[in-house]
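Enquirer: Can you look at this prediction? I've put the sequence above it.
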Amino acid sequence: MKTKNQVKDLIITRKINLLFFLFILLFSQIAGYLSIAAFSSLTQIIKSIKIPNGLIDLNLDIYNPEEIEVSIPYYIQNHGIYDLNDMIMEVDISVNYIDISSRNNITAQIFSKYGVLPNCKAFSTLIGDFSGSFTNFNISAVIAFIQNSDIFEPFSFLIDINFHLKYFFNLIQISIILDDVGLIGE
């Protein structure tokens, strides 16, 4: 026969076990909801990233090297409930032209830059320009293009953009890669 204290201890133990079970159940429901919310907003986040967001401004004035620059507008809207972190953009621009003396098709990398963008808080928008100055250009390749290209042959600028970010406590990494996207040659 159980004593009165043993019965009381048994009732307290059962109540503690019930509270622990309810806590675990509630915690798993909250964790499940947050995971579903993160993944459901992921497609909206990817759709709302616009790189480039408009025209890319490319100035190749070799007579004023300090004014050689490129500017790539971007628009990032975070519809999610978590911040977008560790946003990195890498941009390479190449020019493809016909060499006037050798008649060979030349592709030369004229610009390269790696940069870190600011974090985008939940439910906010990040608008800016990824810019590079003459220090990011291969000036000798730019001069070779301007001096050696056949002006009667078409040429093109090709841009590579690699954009990376982390989401949902840095557990999900998103990468957007644009390779050899043609820019209009002038």
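Expert: Structure's in. What do you need?
Enquirer: counting contacts, what elements does the lengthiest strand in the chain pack onto?
Expert: Criterion DSSP state E: the longest strand present in the chain is strand 85-98. Where contact means 3 or more CB pairs under 8 Å, 6 or more residues apart in numbering; DSSP states H and E, strand 85-98 is packed against strand 69-77, strand 105-116, strand 125-132, helix 139-148, strand 156-167. Where C-beta positions appear, they are placed from N, C-alpha and C, glycine not excepted.
Enquirer: what pairs with the first one, and is each one parallel or antiparallel?
Expert: The strands that strand 69-77 pairs with in its sheet are strand 49-50 (antiparallel), strand 57-59 (antiparallel), strand 125-132 (antiparallel) (by DSSP bridges).
Enquirer: can you tell which of those strands is closest to Ile177?
Expert: Counting by CB to CB, Ile177 lies closest to strand 49-50 out of those; the figure is 12.3 Å.
Enquirer: ok, and what's touching that closest one?
Expert: 74-77, 163, 176 (CB atoms under 8 Å, 6 or more residues apart in numbering).
Enquirer: just stretch 130-144 next, same as before
Expert: 60, 62, 65-74, 89, 91, 95, 108-113, 115, 117.
Enquirer: All good on my end, thank you.
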